[in-house]
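>>> one predicted model, sequence on top.
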Amino acid sequence: MAIITLTTDFGTSDGYVGSIKGVIASLAPDANVVDIAHDIPRGDIAHAAWVLATTAHEFPYGSIHVVVVDPGVGGTRREVIIRGDGQWYIGPDNGVFTYVFRPQWDAWAIEDADVRAKHVSKTFHGRDVFARAAAMIARVRSKTLPVDPGFGPAVKLVGTLPWGPRSRGTGRIVHIDRFGNLISDLPPAEAGRSVTVAGQSLAVVGTYEDVAPGQLLAYVGSAATIEIAVRDGRADTRLGVERGAQVLPAAASTPYR
Amino acid sequence: MAIITLTTDFGTSDGYVGSIKGVIASLAPDANVVDIAHDIPRGDIAHAAWVLATTAHEFPYGSIHVVVVDPGVGGTRREVIIRGDGQWYIGPDNGVFTYVFRPQWDAWAIEDADVRAKHVSKTFHGRDVFARAAAMIARVRSKTLPVDPGFGPAVKLVGTLPWGPRSRGTGRIVHIDRFGNLISDLPPAEAGRSVTVAGQSLAVVGTYEDVAPGQLLAYVGSAATIEIAVRDGRADTRLGVERGAQVLPAAASTPYR
Amino acid sequence: MAIITLTTDFGTSDGYVGSIKGVIASLAPDANVVDIAHDIPRGDIAHAAWVLATTAHEFPYGSIHVVVVDPGVGGTRREVIIRGDGQWYIGPDNGVFTYVFRPQWDAWAIEDADVRAKHVSKTFHGRDVFARAAAMIARVRSKTLPVDPGFGPAVKLVGTLPWGPRSRGTGRIVHIDRFGNLISDLPPAEAGRSVTVAGQSLAVVGTYEDVAPGQLLAYVGSAATIEIAVRDGRADTRLGVERGAQVLPAAASTPYR
């Protein structure tokens, strides 16, 4: 029973997620459909990319991950399927796969008329292309499929995020979660014992209870990178910081003289 | 393994959806329960009706669709089960089935004491009536059941929506989605090349990228009807339009003289 | 196929719920994972406790209920597993099990290194401890497991809620739901024919339609306790009442002289 995960910005008040689930249930009745998150902020590709990067690797070999955060639907961006580390990824080539993709992986366009719906709407490729591609992978037993699914030509991904690859010794806020926690891409080994963000220097502590309620703290988060939070509060509003802002080892930002 | 879909206004912070799932898991352990949407606006029957109409037909033969948007629970509206096009529909007769129901279909009241809970609460028929009816259909193999499930007498549906059936050549806004897109019931064939809504005339284009960011557009939506949107914005607030508003072929609203 | 239910405050826009589901899918591929509620207000232990109390008992024998509303994660509160009435409960010992726990039940700490992840993060025990414990119970067939799962020493629960046990003849608002309904712990038998809340005396009626739209009403709710609502409105804002407020039989608050 193949697993198909769904990550979308369709919310939980309309029929878009249900339509996708119906298509999968019709084409691959034995697939196990798993909701990852449907309240990705509208069209927020970077947000979806982070959610995918922190969840997909937890799933078993052969899982199929469908991402539909697709503001350019019907336009020039390509519909793609990717294979890597034993997982399948399906969605628009708009940057959403940036964090998970590795250079040696394979990617293909989804162009085959037998995969796509007979009438493909211009605004809902989640239902008419991506759900169908996922169901077809699931049907032919996702674990034993030859690597090329035969859906279309091999392609190079072109989608990007607003920030490029990280330089050693510097981090950026790459995600702000529901709790207002600021999640960076700075590895603890590069951070050392304290970090600087938005002009504030913060010691790296263990967990929330290591500071008083309402206090800022830095710590090693669940993605094994440096996070900044306010105990029982919100760090995003406290610091007025947005994604892309720098998080630096404190030593780097206040050099010794 | 029968599919039972759930569409409710119970939200995702209380135990109501969980109670329904528990009842189904206890009575029909092999049923495949699928969340359609739980954040239907409170008591918004027309919203739920549209979500049902755009999702149910995607599911395989024998699927069971439970709708619990039920502001009149415990009052005079009837609990019903409907069979049509190989699907089952279960919920209150308050208008929620308006878009899916066809005149030749069958509907029955759910009155049988063996179907309903021993003690039926006056405010939670989702748990005490509808979940149980769905589980019982699932248990006796939804595909082979004789048409009359034997839950109660045949009935005529009486629920209605705020707007009646559509007249040829005129459309109405019947749904406003999470993105603020205005979804009408006007078929493209009747719309022609442009439509008028809220005093604005809009050419029917292909997709969002056919206009500049922030611009209004009309297009053929995923329900195969005319939709109005703002690229990367909200058409509902831009036009100040509510459901029920007219969407007309432009020729009809600006007649030739 | 064991059932694992999930109740969290992780929301539906981040990857936390997805990570938990991935861990379970990897360790117990046949488990049936059921979403109860993921929008519990942040860190609101009492809210989660009520949701658990009104849903868990609906699930079949052998079900496993995971609760991750855990503001003290990584601090001094214990990770626990509980067995009672044929159900398993897994989560932090912070009061979240107050309503379901019975004195004769067993509880154990989750300390075994084979159950916990090799590297346990300090901020995400949902993924690194609780999901894994649930998957391991599911794998060894939840119904036939000897009572002690062998995850750690037997413990006494120490978590509490802001309000203590109820005294006979008095009730408290213990939950406010999505609709603004005020749910008390006062049994109907003690309420009699009317109740007093926030200085208002309200007759206990059958259901919403027994009063006019916009009117306050008291009734026997779906948890078989007294609830206060406004038909088509919100009782919480109308009465300005918070959880913990008293709900008394009207006779008790206005004694006869």
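Nice, I can see it.
>>> in the stretch 101-250 of chain A, what residue comes closest to chain B?
Residue nearest to chain B within the stretch 101-250 of chain A: A:Phe124 (3.6 Å; Cβ to the nearest Cβ). No exception for glycine: its C-beta is placed from N, CA and C like everyone else's.
>>> and that residue, how many residues sit next to it?
A:Phe124 has 23 neighbours, counted by other Cβ atoms under 10 Å in any protein chain shown.
>>> ok, it - contacts?
Shown in contact with A:Phe124 (Cβ atoms under 8 Å, 6 or more residues apart in numbering or on different chains): A:Tyr16, A:Ser19, A:Val73, B:Gly221, B:Ser222.
>>> from the residues you listed, which is closest to chain C?
A:Tyr16 (14.1 Å).
>>> wait, the closest one sits on A:Gly22?
No: A:Tyr16 is beyond contact range of A:Gly22, at 10.8 Å (criterion: Cβ atoms under 8 Å).
>>> quick one: the helices in the stretch 1-150 of chain A, in order.
Assigned by DSSP state H, counting those that start in this stretch, the helices in the stretch 1-150 of chain A fall at A:16-27, A:45-55, A:125, A:131-139.
>>> packing partners for the first one?
The elements that helix A:16-27 packs onto, with contact taken as 3 or more Cβ pairs under 8 Å, 6 or more residues apart in numbering or on different chains; DSSP states H and E, are strand A:3-8, strand A:32-37, helix A:131-139, strand B:3-8, strand B:32-37, helix B:45-55.
>>> can you classify A:Thr237 by secondary structure?
Secondary structure assignment for A:Thr237 (DSSP: H, G, I helix; E, B strand; the rest coil): helix.
>>> pass me the low-pLDDT residue ranges in the stretch 151-257 of chain A, would you?
For the stretch 151-257 of chain A, the stretches flagged by pLDDT under 70 are A:252-257.
>>> okay, the nearest residue to A:Ile24 once chain neighbours are set aside: pLDDT?
Nearest non-adjacent residue to A:Ile24, counting by Cβ to Cβ, 6 or more residues apart in numbering or on different chains: A:Ala135, 4.8 Å away. pLDDT recorded at A:Ala135 is 97.
>>> I'd guessed A:Ala135 sits against A:Leu27; true?
Yes: if you go by Cβ under 8 Å, A:Ala135 and A:Leu27 touch, sitting 3.6 Å apart.
>>> who has more neighbours out of these two?
Remark: of A:Ala135 and A:Leu27, A:Ala135 carries more neighbours, 24 against 17, as counted by other Cβ under 10 Å.
>>> that one and chain C: what is the separation?
A:Ala135 sits at a distance of 18 Å from chain C (criterion: Cβ to the nearest Cβ, to the nearest Å).
>>> over to A:Val69?
From A:Val69 across to chain C, the span is 11 Å (Cβ to the nearest Cβ).
>>> next, count neighbours for that residue.
By other Cβ under 10 Å, neighbour count at A:Val69 equals 28.
>>> report the contact partners of the closest residue to it other than its chain neighbours.
Sequence neighbours aside, A:Ala48 is the residue nearest to A:Val69 in space, at 4.0 Å (criterion: Cβ to Cβ, 6+ apart). Contacts for A:Ala48 (Cβ under 8 Å, 6+ apart) come out as A:Thr7, A:Asp9, A:Ile40, A:Val67, A:Val69, A:Val96.
>>> ok, now with 10 Å
The contact partners of A:Ala48, by Cβ atoms under 10 Å, 6 or more residues apart in numbering or on different chains, come to A:7-9, A:36-37, A:40-41, A:67-70, A:91, A:94-97, C:13, C:15.
>>> in strands, which of these fall?
A:Thr7, A:Thr8, A:Ile36, A:Ala37, A:Val67, A:Val68, A:Gly91 (DSSP state E).
>>> could you flag which of those are buried?
Neighbour counting with 16 or more other Cβ atoms under 10 Å in any protein chain shown marks A:Thr7, A:Thr8, A:Ile36, A:Ala37, A:Val67, A:Val68, A:Gly91 as buried within the ones in strands among the contacts of A:Ala48.
>>> can you put those in a markdown table and add pLDDT?
Formatted as a markdown table, these follow (pLDDT from 0 to 100):
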| residue | pLDDT |
| --- | --- |
| A:Thr7 | 98 |
| A:Thr8 | 98 |
| A:Ile36 | 98 |
| A:Ala37 | 98 |
| A:Val67 | 98 |
| A:Val68 | 98 |
| A:Gly91 | 98 |
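>>> for chain B, state which of these is nearest.
Within those, the smallest distance to chain B is 10.6 Å, found for A:Thr8 (Cβ to the nearest Cβ).
>>> chain center to stretch A:36-49: distance?
Stretch A:36-49 sits 8 Å away from the centroid of its parent chain (Cα atoms, centre = their mean, to the nearest Å).
>>> which positions in it come out as buried?
Neighbour-count burial for stretch A:36-49, with 16+ other Cβ under 10 Å as criterion, is recorded at A:36-40, A:42-49.
>>> with stretch A:118-138 instead?
For stretch A:118-138, by 16+ other Cβ under 10 Å, it's A:121-138.
>>> distance between the ends of it?
Start-to-end span of stretch A:118-138 (Cα to Cα, to the nearest Å) is 20 Å.
>>> next one: it to chain centre, how far?
The chain centre lies 20 Å from the centre of stretch A:118-138; the measure is Cα atoms, centre = their mean.
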